[in-house]
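Undergrad: Quick one: sequence and predicted model below, then my questions.
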Amino acid sequence: MSTPPPDLSIELGSLALRNPIMPASGCFGPELGDVVDLERLGAMVTKTVFAEPRSGNPAHRLAETYAGMLNSVGIPSRGAEAFIAELLPRYRTWSPPLIVSIGGLTIAAYLEIAARLAGVAGIAAFEVNVSCPNLEAGGLEIGAVPEVVEAVVRGVVERVDVPVIVKLTPNVTSIAAIARAAEAGGATAITAVNALMGMAIDGRTRRTRTGTPTAGFTGPAIKPVALRCVWQVAQAVAIPVIGVGGIATVDDVLEFLLAGASAVQVGSATFTRPDTMLRIVTALETRLADDGVASVRDLIGALEPGPSAHDLMPAQAG
Ligand SMILES: Cc1cc2nc3c(=O)[nH]c(=O)nc-3n(C[C@H](O)[C@H](O)[C@H](O)COP(=O)(O)O)c2cc1C
């Protein structure tokens, strides 16, 4: 009798996904459907949509750095109406659930975009991006203050009738405290994390290498920080966690699952190889089968206590 293939399906509250692999916001657009089979993804995630049209940051918007990249895109958005009229119909041609990322520069702006997109057909869930600067608090990120996060999440949850995922910034002292605030506000799940705050300088010209002095640091270099954040958040809340930060291989995915993530997002790695997510889906199925793991859900939070003997330095290992 042949063994059935491993079960890759997971649940984020009422949202059922065929596998735990999805793109990270801003690193994927419907045009990717021209080169890879989007039907094989667990879910799709849009770039952050604002209520009103806004332009992004001045050039340069991208700078490469060791093992990662800096972006100062600044979230340009064509606004809610253009999203509904032009982008949403393209996303709706694929069957994986569509998670729409929303943002704002004030608490009221989050409630506005949630109200405008509430009830719109084809939206399976919202991901609230709280890494936007809070104009009412001098530009401090919305996601830096637990009370503000709780108010934003509660307001969005009151206005929409689909699951609300909250995507946290790592640029805080206690990500666990922010996660608890999101859970208290009624979040269905937490995504951890958005870009780390970084900076790159050209020593010859004595100028920053991005159009804004500081920029979002992403890619392989941030994986240990993202993993730590996922683990801390998973310890702090009872709702599911979606891990993101530096994921490029099936081994990265396994690490995030063990740290407590129920699903993962792939960001910067998609720029290097557009088919990264699909390669991971295939590799995940093969790996679980090889390891005799019946369901991907068996790995969520299954981290064993203590360090791995393989990683001990020879002197420590004795
Ligand atoms: C070019 C670029 C644009 C991004 N735009 C958004 C965005 O609109 N909303 C958001 O929540 N995160 C955005 N992010 C952050 C990613 O979704 C992700 O959290 C981050 O890149 C870490 O994952 P990675 O290391 O796999 O790239 C962006 C990242 C990059 C590199």
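TA: Now that the structure is in, tell me what you want to look at.
Undergrad: where's residue 6 relative to the ligand, distance?
TA: Using Cβ to the nearest ligand atom, to the nearest Å, residue 6 is found at 24 Å from the ligand. Where you see a C-beta, it was placed from the backbone N, CA and C, and this is true even at glycine.
Undergrad: Next up, the contacts around the nearest residue to that residue once chain neighbours are set aside.
TA: Closest residue to residue 6 apart from its sequence neighbours, by Cβ to Cβ, 6 or more residues apart in numbering: residue 288 at 3.7 Å. Counting by Cβ atoms under 8 Å, 6 or more residues apart in numbering, residue 288 makes contact with 6, 8, 294, 295, 296.
Undergrad: Save those residues as JSON lines, and put in pLDDT, neighbour count and secondary structure too.
TA: Converted to JSON lines, these look like this (pLDDT from 0 to 100; neighbours: other Cβ atoms under 10 Å; DSSP: H, G, I helix; E, B strand; the rest coil):
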{"residue": "6", "pLDDT": "98", "neighbour count": "20", "secondary structure": "coil"}
{"residue": "8", "pLDDT": "98", "neighbour count": "18", "secondary structure": "coil"}
{"residue": "294", "pLDDT": "98", "neighbour count": "13", "secondary structure": "coil"}
{"residue": "295", "pLDDT": "98", "neighbour count": "13", "secondary structure": "strand"}
{"residue": "296", "pLDDT": "98", "neighbour count": "24", "secondary structure": "helix"}
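Undergrad: Longest helix in this structure, by number of residues?
TA: As far as residue count goes, and with DSSP state H defining each element, the longest helix of the chain is helix 276-291.
Undergrad: Tell me the buried residues in it?
TA: Neighbour-count burial for helix 276-291, counted by 16 or more other Cβ atoms under 10 Å, picks out 276, 277, 278, 279, 280, 281, 284, 285, 287, 288.
Undergrad: Pull the distance from that helix to the chain's centre.
TA: For helix 276-291, the separation from the chain centroid amounts to 20 Å (computed by Cα atoms, centre = their mean, to the nearest Å).
Undergrad: The closest residue to the ligand within the chain: neighbour count?
TA: Relative to the ligand, the nearest point of the chain is residue 26 (1.9 Å; Cβ to the nearest ligand atom). Counted with other Cβ atoms under 10 Å, the burial measure for residue 26 works out to 20 neighbours.
Undergrad: any idea which helix or strand of this structure has the worst average confidence?
TA: Taking mean pLDDT, DSSP states H and E as the measure, the helix or strand of the chain with the lowest value is helix 314-317, at a mean of 53.
Undergrad: can you give me the strands for the stretch 201-318 of the chain?
TA: Counting by DSSP state E, counting those that start in this stretch, the segments of the stretch 201-318 of the chain that form strands are 201-202, 207-208, 215-218, 241-244, 263-266.
Undergrad: Let's have the ones you listed in a markdown table, adding mean neighbour count, distance to the ligand and mean pLDDT.
TA: Formatted as a markdown table, the entries for these read as follows, by neighbours: other Cβ atoms under 10 Å; distance: least, Cβ to the nearest ligand atom, whole Å; pLDDT from 0 to 100:
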| stretch | mean neighbour count | distance to the ligand | mean pLDDT |
| --- | --- | --- | --- |
| strand 201-202 | 12 | 19 | 95 |
| strand 207-208 | 14 | 17 | 95 |
| strand 215-218 | 26 | 3 | 94 |
| strand 241-244 | 30 | 5 | 98 |
| strand 263-266 | 28 | 6 | 98 |
